[in-house]
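Trainee: For reference, the sequence and a predicted model appear below.
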Amino acid sequence: MRGSHQVIEIAVDGVPSPRWRKGLSRFCVTALGAAGFTEWRISLLLCGDERIAELNGRYRGRNRPTDVLSFSGDEAVAGAVAGDIAISLETVRRNAAAYGVSEEEELKRITVHGILHLAGMDHGRGKGTKMLVLQEKLLEQLKTERILREQERG
């Protein structure tokens, strides 16, 4: 991995820029450490349903919104994670309401989910139990971590 070895970049497109971006960055660093990663270069895109549906259609052939998409980087190094994660804040909001959890809890879940995909894990067709078990284990370890601190809510 070239350049800085622990970078989290956050961009916003099509939705109001949340005040809690720094909290999300802190959460990513903590989650990556908890998962055992020592190096990372991750770009997060916080967007709305329209933008994520466009990305989902272009890269997965599914012309509909989804909660999170992950695009692994080319640099595969042991203990390292690199790539891009797109998160639809509109879908996060809907899913949180549908699952009866807070928006913060749902945001944490899909962020960890996206990170595990960047690490090369998959949950498709029967082989994903390991990924989902690890995801829930990490979320349990990270349950006291906060993205939306009081001064950053909104």
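Mentor: Looks like it arrived, so ask away. Residues are numbered from 1 along each chain as shown.

Trainee: Please enumerate the helices of this structure.
Mentor: Applying DSSP state H to the chain gives helices spanning 21-34, 49-60, 89-99, 103-118, 129-141.

Trainee: What helices and strands are in contact with the last one?
Mentor: Pointing back at helix 129-141 there. Contacts defined by 3 or more CB pairs under 8 Å, 6 or more residues apart in numbering; DSSP states H and E place helix 129-141 against helix 21-34, helix 103-118. Backbone N, C-alpha and C define where each C-beta goes, glycine included.

Trainee: hey, which of these is tucked in deepest?
Mentor: helix 103-118 (a mean of 22; mean count of other CB atoms under 10 Å).

Trainee: can you list contacts of that helix?
Mentor: Contacts of helix 103-118 with the rest of the structure, by CB atoms under 8 Å, 6 or more residues apart in numbering, involve 24, 27-28, 31-32, 35, 42, 44, 67-70, 72-73, 81-83, 85, 87, 92-93, 95-96, 99, 131, 134-135, 138-139, 142, 145-148.

Trainee: where in the chain is pLDDT low?
Mentor: Within the chain, the ranges that satisfy pLDDT under 70 run 1-4, 74-79, 124-128, 150-154.

Trainee: residue closest to the middle of it?
Mentor: With distances taken as CA atoms, centre = their mean, the residue of the chain nearest its centroid is residue 111 (2.4 Å).

Trainee: That one and residue 92, how far apart?
Mentor: Residue 111 sits at a distance of 10 Å from residue 92 (criterion: CB to CB, to the nearest Å).

Trainee: Which residue, other than its chain neighbours, is closest to residue 53?
Mentor: Take residue 53 and drop its neighbours on the chain: the residue closest to it by CB to CB, 6 or more residues apart in numbering is residue 65, 4.6 Å away.

Trainee: For the one you found, grab the count of nearby residues.
Mentor: Here the count is done by other CB atoms under 10 Å, and residue 65 has 19 residues near it.

Trainee: contacting residues for it?
Mentor: Residue 65 makes contact with 49-50, 52-53, 56, 88, 90-91, according to CB under 8 Å, 6+ apart.

Trainee: Tally up the residues packed near residue 97, please.
Mentor: Neighbours of residue 97 using other CB under 10 Å come to 12.

Trainee: Equivalent analysis for the one 5 residues further on, please.
Mentor: For residue 102, the count of nearby residues is 12 (other CB under 10 Å).
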